[in-house]
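J.: Requesting a structural model of the entry that follows:
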Amino acid sequence: MKNKFLMNRREFLWESLYTTGAITAAFSARPSLLPQGTTSQPRPLDAGTLAKFVDHLPIPEVLKPDGFRPSPLDSNVKVPYYRLPMRPAEMKLHRDLKPTRFWGFNSTLPGPTIEARSGQGVLVEWVNELPASHLFPVDHNLEGAGADKPLVRAVVHLHGSRVPAESDGYPENWFVPGKSSVCFYPNQQDAAALWYHDHAMGINRLNIYAGLFGLFLIRDAFEDGLGLPAGKFEIPLVLCDRLFDQEGQFLYPVSPDPKHLWVPEVFGDAVLVNGKISPYCEVEPRPYRLRVLNSANGRFFHLAFANQLEFQQIGSDQGLLAAPVTMKLLTLAPGERADLIVDFSKNRGENIELRSDHLTALQFRVAGNTSVAAAAVPKTLRTEQRTPESEAIKTRELLLEETVDAADNPTLMLLNRTRWMAPVTENPALGSTEIWSLINGTEDSHPIHLHLVRFQVLDRRNFYVMNYLRKRELKFTGPPVPPDANEMGWKDTVRAEAGMVTRIIVRFDGYVGRYVWHCHILEHEDNEMMRPFDVVAAR
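T.: Okay, here's the model as predicted:
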């Protein structure tokens, strides 16, 4: 589906503040924009005043195992074991800023990359070595974040993984500083770019904003045989946005109401790539493979090269597409990933900017030497296996809705008009296939993520919103719109567009147990836009 509007409604409002300079005034009028335990009012930094392309793009280290341990599946088989601590740290995110305090896995931002082979399991011990106080204010009104809960809690979810429920990072299974949790990841899935991040109930948005995320790459022999750019020619790009104060520290905005601190979205005016603000990357005049992740709280990145350079998308959330898709603009919602091939062969000696709307993410500096011959991208990447609708044994209509106050400010985000603590209403049988119709009754796009499974996008269709909200009668106002070519592969996160019904077809393979589905705008997820579902044994 072609995006007619590149921004969400509220995202547009925030961007208007940035471009007019009104953001500083808006923040100055909010006395509650205070980090936890502070009494002075921070002044926001205008990130647009920072020099661009003065820091080299860092590449997250690939983590080495701390040893080998018996596999939970077979004690005679040893699997890699990683111990990954979450710690407070500080690092210069820009040449002209003071070191920024953050929380990171292995004290880095983003965390180190874990690489695994398809079919070969790994054990990861996630260790909470964080302090007792949070970097940001905690809203105790949110479900799971009450005043009776510790301020600092964590639990890690491997986004996109097919894992037993006990290793999935259920939001209520958090652990406090001084504790750890060992998770087993079987990796019984195709090669793909997954990512790990905090998933603690009620403070997930704060923990990820603080820096608790990193890449997890699964590789397999089939992908190895395609001859794609590898080694130094494969570059991970972990994107997020942040606000900073005058001291170069992360600034997380809160509501003017000191009793209800939650805000519906957070958009920063600085784009971080691999932990640096608008860095540069030196490349050779040849094809590169870019593994792109949107790890932002709420920003949808709309990525394009300033010189309109074409690129090819070869994979999405759950691995390779059937064939490369040539494009000039890539939209990535929070949680989505894209596998890209960019050929710089015809750009010797050029500096090329990668942008998202008016924000600059990264500059590629192409060397002036003669390009090195590289293998062409295969015209066919893998056999496409579309799931026929006839396989679905059930269709669920699931409403996405928000409650607003008299000033049209969101106060509550819901899935199917049901709060987190209500009884489970989605209980698919293991091995069954269902169609989920995501009915978006709001004015914003919501990236919906299902744990455990992968799925395919069927179509989107406009509907009469008010009629459905009042009568629960679904009346369409236009024909079905097929997904874009780069959405035709396996997904685990889908953009449910405003005023549309987005249909996905899901086979619930893997394991029985309790998992969750939610909006991946983290502020929404933390305020009830998340629900558990149970995969039950087939009868």
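J.: which one is Ile504 nearest to, not counting chain neighbours?
T.: Phe455 (4.6 Å; Cβ to Cβ, 6 or more residues apart in numbering). Every C-beta, even on glycine, is put in place using the N, C-alpha and C of the backbone.
J.: what's the neighbour count on that neighbour?
T.: The number of residues packed near Phe455 is 24, by other Cβ atoms under 10 Å.
J.: From Ile393, how far off is it?
T.: As judged by Cβ to Cβ, to the nearest Å, Phe455 and Ile393 stand 15 Å apart.
J.: Please apply the same query to Gly431.
T.: For Gly431, the distance to Ile393 - Cβ to Cβ - is 10 Å.
J.: same thing with Thr442?
T.: Thr442 is 29 Å from Ile393, by Cβ to Cβ.
J.: now Asn294
T.: Counting by Cβ to Cβ, the gap from Asn294 to Ile393 is 33 Å.
J.: Same drill for those two, tell me which one is more crowded.
T.: Remark: of Asn294 and Ile393, Asn294 carries more neighbours, 27 against 11, as counted by other Cβ under 10 Å.
J.: Counting neighbours, what do you get for the closest residue to the more buried one other than its chain neighbours?
T.: In this structure, Asn294 finds its nearest non-sequential neighbour in Leu332, 4.2 Å apart by Cβ to Cβ, 6+ apart. Residues lying near Leu332 (other Cβ under 10 Å) number 23.
J.: In contact with Leu332, which residues are there?
T.: Leu332 makes contact with Leu239, Val292, Asn294, Phe300, Phe301, Leu303, Ala338, according to Cβ atoms under 8 Å, 6 or more residues apart in numbering.
J.: What secondary structure category should be reported for the last one?
T.: Which is Ala338. Of the three states, Ala338 takes strand under DSSP: H, G, I helix; E, B strand; the rest coil.
J.: helix or strand for the closest residue in space to it that isn't next to it in sequence, which one?
T.: Closest residue in space to Ala338, ignoring its immediate chain neighbours: Val292 at 4.6 Å, by Cβ to Cβ, 6+ apart. Using DSSP states H and E, Val292 sits in strand 287-294.
J.: List the contacts of that strand.
T.: 193, 195, 215, 217, 228-230, 233-240, 300-301, 303, 314, 330, 332-345, 374, 377.
J.: Remind me what the helix or strand following it packs against, helices and strands.
T.: Using DSSP H and E, the next helix or strand after strand 287-294 towards the C-terminus is strand 301-305. On a contact count with 3 or more Cβ pairs under 8 Å, 6 or more residues apart in numbering; DSSP states H and E, strand 301-305 meets strand 330-332, strand 351-356.
J.: Identify the bridge partners of the residue nearest to Ile504.
T.: Phe455 has these beta-bridge partners by DSSP bridges: Lys491, Val506.
J.: ok, back up a step: ok, the residue nearest to Asn294 to Ser295 distance?
T.: Leu332 is 10 Å from Ser295, by Cβ to Cβ.
J.: So for the two, which residues contact both of them?
T.: Common neighbours of Leu332 and Ser295 (Cβ under 8 Å, 6+ apart) are Leu239.
J.: to the chain's geometric centre, what's the distance from stretch 114-132?
T.: Centroid displacement of stretch 114-132 relative to its chain, using Cα atoms, centre = their mean, to the nearest Å, is 18 Å.
J.: Going by neighbour count, which residues of that stretch are buried?
T.: For stretch 114-132, burial by neighbour count (16 or more other Cβ atoms under 10 Å) applies to Ile114, Ala116, Ser118, Gln120, Gly121, Val122, Leu123, Val124, Trp126, Val127, Asn128, Leu130.
J.: Now intersect these with the helices, please.
T.: Among these, DSSP state H puts none in helices.
J.: Distance to Arg539 and pLDDT for those - can I get that in a markdown table?
T.: Converted to a markdown table, the buried residues of stretch 114-132 look like this (distance: Cβ to Cβ, whole Å; pLDDT from 0 to 100):
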| residue | distance to Arg539 | pLDDT |
| --- | --- | --- |
| Ile114 | 37 | 98 |
| Ala116 | 34 | 98 |
| Ser118 | 31 | 98 |
| Gln120 | 33 | 97 |
| Gly121 | 29 | 98 |
| Val122 | 34 | 98 |
| Leu123 | 33 | 98 |
| Val124 | 34 | 98 |
| Trp126 | 36 | 99 |
| Val127 | 41 | 98 |
| Asn128 | 40 | 98 |
| Leu130 | 44 | 98 |
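J.: Would you reformat those as TSV and include distance to Pro186?
T.: Listed next are the buried residues of stretch 114-132 as TSV, based on distance: Cβ to Cβ, whole Å:
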residue	distance to Pro186
Ile114	14
Ala116	10
Ser118	10
Gln120	9
Gly121	5
Val122	9
Leu123	11
Val124	12
Trp126	17
Val127	22
Asn128	24
Leu130	28
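J.: so what's the nearest residue to Lys149 once chain neighbours are set aside up against?
T.: In this structure, Lys149 finds its nearest non-sequential neighbour in Gly202, 7.4 Å apart by Cβ to Cβ, 6+ apart. Gly202 sits next to Val138, Asp139, Leu142, Glu143, Gly144, Ala145, Gly146, Lys149, Asp526 when contact means Cβ under 8 Å, 6+ apart.
J.: Same question for Ser445.
T.: Residues in contact with Ser445 (Cβ under 8 Å, 6+ apart) are Asn8, Phe300, Ala333, Arg495, Ala496, Glu497, Ala498.
J.: Can you tell me which of the residues you listed is nearest Arg87?
T.: Ala333 (29.3 Å; Cβ to Cβ).
J.: can you tell me which residues contact the closest one?
T.: Ala333 touches Asn294, Phe300, Ser445, Pro447, Thr493, Arg495, His520, counting by Cβ under 8 Å, 6+ apart.
J.: just Val273 next, same as before
T.: Val273 touches Leu57, Leu237, Val238, Leu239, Pro279, Ala361, Leu362, counting by Cβ under 8 Å, 6+ apart.
J.: Number of residues surrounding the nearest residue to it once chain neighbours are set aside?
T.: With Cβ to Cβ, 6+ apart as the criterion, Val273 has its nearest non-adjacent residue at 5.0 Å, and that residue is Leu362. Counted with other Cβ under 10 Å, the neighbours of Leu362 add up to 26.
J.: Would you check that Leu362 makes contact with Glu353?
T.: Yes. Using Cβ atoms under 8 Å, Leu362 is in contact with Glu353, at 7.3 Å.
J.: So what's the residue count around Thr477?
T.: Count around Thr477 with other Cβ under 10 Å applied: 12.
J.: For the stretch 351-500 of the chain, just list every one of the strands.
T.: In the stretch 351-500 of the chain, the strands defined using DSSP state E, counting those that start in this stretch lie at 351-356, 359-366, 394-404, 410-415, 433-440, 446-450, 455-462, 493-496, 500-507.
J.: hang on, I meant the stretch 1-150 of the chain
T.: Under DSSP E, counting those that start in this stretch, the stretch 1-150 of the chain gives strands at 67-70, 78-91, 100-105, 111-117, 122-128.
J.: Need the winner for burial among these.
T.: strand 100-105 (a mean of 23; mean count of other Cβ atoms under 10 Å).
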